[in-house]
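Peer 1: Pasted the sequence and its predicted model underneath.
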Amino acid sequence: MESEHQPKLSPVRAFQVLHGCNPDPEESYTSLSEYHDYEPSLEFDDSELIQTSGLAPLPPELLDIPDDLLERSASDGTIEENFEEELARAPEVYAEIASSLDDSFSELNGTGLVEVVGDDEVGRRIIVVSACRLPPSKDLHPDKLLRYLMFTLDKYVEQDYSVVYFHCGLTSKNKPPLSWLWKAYKAFDRKYKKNLKALYLVHPTNFIRIVWQMLKPAISVKFGRKMMYVNYLHELQQYLNLDKLCIPDAVLEFDKLLLSKNPRAAETAKQSQEPEEKPPVNEKASSSLSPPPTQQFGVSLAFIKENNADMVGSIPPLVRQCVEFLSQPDALETEGIFRRSANMAMIKELQRLCNRGEPVRFRNDPHLAAVLLKTFLRDLEEPLMTFDLYEEILKFQTWSNRDKPRQVKILILERLPLDNYKLLKYIIQFLWKVQDRSCLNRMTTNNLAVVFGPNLAWPPNGQMSLQAIAPINAFTDFLLENQESIFII
């Protein structure tokens, strides 16, 4: 019998002992209390720490920021990367959070603090966090903020994703305490970290870099490679399409302020915008007005049909090629298919070949075909579900279970254009085959809906709010679950 005086082990350590695992060498960092003394007061002047060794240079204008625009931050949102794979069980704090998922987040949902804005060029979901939209700390308990972040991320962390964090606007009035960082560090376990591909930290202050240096011994090198400082918005343009990021006005104004303090950076920003603002030089006007007839990406279904007389059943050639390749048993049973990203250079090359009408080869890589299919849908001039149906789809969750089958059939069978209907049917029936192998590929109808929903419907302005994603995903899930009764012709 176990001695009553035997010291009680923590859940993580008990798991390690039970399974013969070596303790994580970073388990020695059981507290950040030694760092608490360094949390700045409102009068903190980080000029005292500018000489700290190992810090990357910071533009001068970021060191001279008006107090009314941006105060120093005590949190950089870092998370650790190197938990052992067998530690599938989350820390105790995660269990607390999981049991509270039914909490109401209505006051946060309306703030725009967290936005999910579709996929990037290689199929990774983009999640935007804006510090300027954090409510005052007196109105929001830090634990509820943590629950909200986890509740939101839970829907997307099973696929590759990137995070954009706009630091502008985090002040002494709305920043969580430094002790909150430790709780978040423990709560965001491997489940959240393994598929995070990039963390873009926009407009960092010098203090963020100092905190990063202090926490570096507890943060793995692997995670460190995922984090990128972005001093100006035009630097972010090389990685992401800024038009889709729902950038707050406060961030745009702050970026202008920084550029006004650095003429060289302002000139670079201007040059980065010129290719989009100026028409091509020394090219015939006709070449800039219409794409070549072989174009597949970024055009309408009508254009593709008009220029592909041999197209079978209103299915674009590229879509058919992707689906036929992915329908092979080896591809169909690939774990995480449609949730993994692919090599950006390869995807760009395949797009160029396709747009020139040349043969496309997937090099026996199912992820290339999967990302290319999602990219095709996302790049259509108009979403497959059309702009006209967007507002109706957003009402899906307000319909009663009794009315949903009839309402969905009206949208799909009566209001969707015939070519759109045929392509949607083709894709949904293929995805049903994918979910039929979910025991191997881990892609249930719910997972597929999360991946494909935002690629089938989006608003005319292209910027989808977090509140819109839930009904769109639910609508897509309903299509998959009921495809046999919906697609009858």
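Peer 2: Great, that's in hand. Because the structure is predicted, anything quoted here is derived from the model rather than measured. Numbers count the residues shown, from 1 in each chain.

Peer 1: mind checking how far the residue lying closest to residue 137 once chain neighbours are set aside is from residue 132?
Peer 2: Nearest residue to residue 137 in three dimensions, chain neighbours excluded: residue 174, at 5.8 Å (CB to CB, 6 or more residues apart in numbering). C-beta: built from backbone N, CA, C; applies to glycine. Plainly put, residue 174 is 9 Å away from residue 132 if you go by CB to CB, to the nearest Å.

Peer 1: Next: residue 338.
Peer 2: From residue 338 across to residue 132, the span is 33 Å (CB to CB).

Peer 1: repeat for residue 379
Peer 2: Residue 379 is 31 Å from residue 132, by CB to CB.

Peer 1: Between these two, tell me which one has more neighbours.
Peer 2: Legend: neighbour count by other CB atoms under 10 Å for residue 379 and residue 132, higher for residue 132 (21 against 14).

Peer 1: Please name the residues that touch that one.
Peer 2: Neighbour list for residue 132: 166, 168-170, 248, 250-251 [criterion: CB atoms under 8 Å, 6 or more residues apart in numbering].

Peer 1: list the buried ones in the host helix or strand of residue 162?
Peer 2: Assigned by DSSP states H and E, residue 162 falls within strand 161-166. By neighbour count with 16 or more other CB atoms under 10 Å, strand 161-166 contains the buried residues 161-166.

Peer 1: Residue 460: which of these is nearest?
Peer 2: Closest approach to residue 460 among the buried residues of strand 161-166 (CB to CB): residue 164, at 22.9 Å.

Peer 1: So that closest one is in contact with residue 128, correct?
Peer 2: Yes: taking CB atoms under 8 Å as the definition, residue 164 is a contact partner of residue 128 at 4.8 Å.

Peer 1: what touches both of those two?
Peer 2: Taking CB under 8 Å, 6+ apart as the contact criterion, the residues that touch both residue 164 and residue 128 are residue 245.

Peer 1: Which secondary structure element of this structure has the lowest mean pLDDT?
Peer 2: Least confident element among the helices and strands of the chain, by mean pLDDT, DSSP states H and E: helix 33-36 (a mean of 34).

Peer 1: low-confidence ranges in the stretch 201-350 of the chain?
Peer 2: Where the stretch 201-350 of the chain drops to pLDDT under 70, the residues are 214-221, 273-289.

Peer 1: How are the helices of it distributed by residue range?
Peer 2: With helices called from DSSP state H, counting those that start in this stretch, the stretch 201-350 of the chain shows them at 206-215, 221-224, 233-236, 249-260, 263-277, 285-289, 301-306, 317-326, 329-332, 344-355.

Peer 1: how far is the third one from where the chain is centred?
Peer 2: Taking CA atoms, centre = their mean, to the nearest Å, the mean C-alpha location of helix 233-236 is offset from the chain mean by 17 Å.

Peer 1: by contact count, what packs against it?
Peer 2: Under the contact criterion of 3 or more CB pairs under 8 Å, 6 or more residues apart in numbering; DSSP states H and E, helix 233-236 touches strand 196-202, helix 249-260, helix 263-277.

Peer 1: which residues touch that helix?
Peer 2: Residues from elsewhere that reach helix 233-236 (CB under 8 Å, 6+ apart): 164, 200, 202, 230, 242, 247, 251-252, 255, 268-269, 272-273.

Peer 1: quick one: which of these is nearest to residue 451?
Peer 2: The closest of those, once distances to residue 451 are taken by CB to CB, is residue 164, at 19.6 Å.

Peer 1: separation between that closest one and residue 472?
Peer 2: Distance of residue 164 to residue 472, computed by CB to CB: 21 Å.

Peer 1: and residue 465, how far is that from residue 326?
Peer 2: Residue 465 sits 31 Å away from residue 326, going by CB to CB.

Peer 1: Looking only at neighbour counts, state which of those two leads.
Peer 2: Neighbour count, other CB under 10 Å: between residue 465 and residue 326, residue 326 has more, with 24 against 15.

Peer 1: burial count for the residue lying closest to the more buried one once chain neighbours are set aside?
Peer 2: In this structure, residue 326 finds its nearest non-sequential neighbour in residue 369, 5.3 Å apart by CB to CB, 6+ apart. Number of residues near residue 369 (other CB under 10 Å) recorded here: 26.

Peer 1: what's the angle between the lengthiest helix in the chain and helix 317-326?
Peer 2: If you go by DSSP state H, the chain has its longest helix at helix 418-436. Taking axes from the mean of the first three to the mean of the last three CA atoms, to 10 degrees, one finds helix 418-436 and helix 317-326 inclined to each other by 20 degrees.

Peer 1: ok, back up a step: mind putting the buried residues of strand 161-166 in JSON lines, distance to residue 182 and pLDDT included?
Peer 2: Output for these, formatted as JSON lines (distance: CB to CB, whole Å; pLDDT from 0 to 100):
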{"residue": "161", "distance to residue 182": "24", "pLDDT": "87"}
{"residue": "162", "distance to residue 182": "24", "pLDDT": "89"}
{"residue": "163", "distance to residue 182": "19", "pLDDT": "90"}
{"residue": "164", "distance to residue 182": "24", "pLDDT": "92"}
{"residue": "165", "distance to residue 182": "18", "pLDDT": "92"}
{"residue": "166", "distance to residue 182": "23", "pLDDT": "93"}
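
Peer 1: Switch those residues over to CSV; also include distance to residue 424.
Peer 2: CSV is the format used below for the buried residues of strand 161-166 (distance: CB to CB, whole Å):
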residue, distance to residue 424
161, 25
162, 28
163, 31
164, 31
165, 35
166, 35
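
Peer 1: farthest-separated two in these?
Peer 2: 161 and 166 (16.7 Å).

Peer 1: ok, so what distance separates residue 420 from residue 380?
Peer 2: Distance from residue 420 to residue 380, by CB to CB: 10 Å.

Peer 1: Mutual contacts of those two, please.
Peer 2: Listed as contacting both residue 420 and residue 380 by CB under 8 Å, 6+ apart are residue 301.

Peer 1: Residue 176 - how many residues pack around it?
Peer 2: Using other CB under 10 Å, residue 176 is surrounded by 21 other residues.

Peer 1: residues contacting the nearest residue to it once chain neighbours are set aside?
Peer 2: Using CB to CB, 6+ apart and skipping residues adjacent in sequence, the residue nearest residue 176 is residue 142, 4.6 Å away. By CB under 8 Å, 6+ apart, the contact list for residue 142 reads 176-177, 180, 183.

Peer 1: Is residue 456 in contact with residue 378, as I believe?
Peer 2: No: look at residue 456 against residue 378 with CB under 8 Å: they stay out of range, at 9.3 Å.

Peer 1: Got the domain ranges for the chain?
Peer 2: Here the domain parsing of the chain from automatic domain parsing is 57-79+90-262, 301-486.

Peer 1: Off-centre distance for the last one?
Peer 2: Read it as domain 301-486. On CA atoms, centre = their mean, the centre of domain 301-486 falls 18 Å from the chain's centre.

Peer 1: hmm, back to that, nearest to residue 331 among the helices and strands packed on helix 233-236 would be which one?
Peer 2: Using CB to CB, the nearest of those to residue 331 is strand 196-202, at 22.1 Å.

Peer 1: And the closest one, what does it pack against?
Peer 2: Looks like strand 196-202 contacts strand 161-166, strand 227-230, helix 233-236 (3+ CB pairs under 8 Å, 6+ apart).

Peer 1: do that again at 6 Å, thanks
Peer 2: strand 161-166, strand 227-230 (3 or more CB pairs under 6 Å, 6 or more residues apart in numbering; DSSP states H and E).
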